[in-house]
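Student: Okay, here's the prediction I keep looking at, along with the sequence it came from:
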Amino acid sequence: QVQLVESGGGSVQAGGSLKLSCLASGYDFARCGMGWYRQAPGKERDLISRISNDGTTRYADSVKGRFTISQDNAKNTLYLEMNSLKIEDTAVYYCAADRHLGGGYCIQSTYWGQGTQVTVSS
């Protein structure tokens with residue numbers, strides 16, 4: 001059974017930094033990709049960054065150049081390093097993992113963590 005547990009959220013002033021972690025148990029990082037989403041109050045959950053199993057990364061325009069996604073396969077952990085935080089980055093941040101179907105096929109973002117709150121203040 002796949003379990004994802006996020007940590008590292010908190011409160012920070014604008015311009016500050018945080019690093020989120022997502023510990024994945026029962027999941028093989030080598031097979032499929034993972035991603036970070038966020039959901040602000042009253043808004044939809046949006047994908048902000050993904051990393052494929054070959055290490056390819058991509059970012060939403062809103063975080064490009066400020067956030068960095070990475071993973072440590074040995075530690076079964078996905079990270080999101082967030083720099084130059086803005087008030088509009090305030091949201092609950094979720095990690096998600098793809099489901100491997102076999103034959104190299106994956107269903108994106110099948111498994112979800114419980115989320116971690118990030119609050120950026122002025």
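Tutor: Cool, got the structure.

Student: Taking the centroid of the chain, which residue is nearest it?
Tutor: Closest to where the C-alpha atoms of the chain average out (Cα atoms, centre = their mean) is Trp36, at 2.3 Å.

Student: Quick check: pLDDT value at that residue.
Tutor: We have a pLDDT of 98 for Trp36.

Student: Show the residue spans covered by the strands in the protein.
Tutor: In the chain, the strands defined using DSSP state E lie at 3-7, 10-13, 18-25, 34-39, 45-51, 57-59, 67-72, 77-82, 91-102, 105-112, 116-121.

Student: Just the pLDDT at the residue lying farthest from the centre of the chain, thanks.
Tutor: For the chain, the residue at maximal distance from the C-alpha centroid (Cα atoms, centre = their mean) is Gly103, at 25.2 Å. Model confidence at Gly103, given as pLDDT, is 85.

Student: Ok, Phe29 next?
Tutor: For Phe29, the predicted pLDDT is 84.

Student: what's the answer for the one 4 residues further on, then?
Tutor: Looking at Gly33, its pLDDT stands at 95.

Student: quick one: contacts for it?
Tutor: Gly33 makes contact with 50-53, 97-98, 106, 108, according to Cβ atoms under 8 Å, 6 or more residues apart in numbering. Where C-beta positions appear, they are placed from N, C-alpha and C, glycine not excepted.

Student: same deal with Met34?
Tutor: 22, 24, 50-51, 71, 78, 95-98 are the contacts of Met34 under Cβ under 8 Å, 6+ apart.

Student: Sheet-wise, list the partners of the helix or strand of the chain with the lowest mean pLDDT with their directions.
Tutor: Least confident helix or strand, the chain: strand 105-112 with a mean of 93, by mean pLDDT, DSSP states H and E. Next to strand 105-112 in the sheet, as set by DSSP bridges, lie strand 91-102 (antiparallel).
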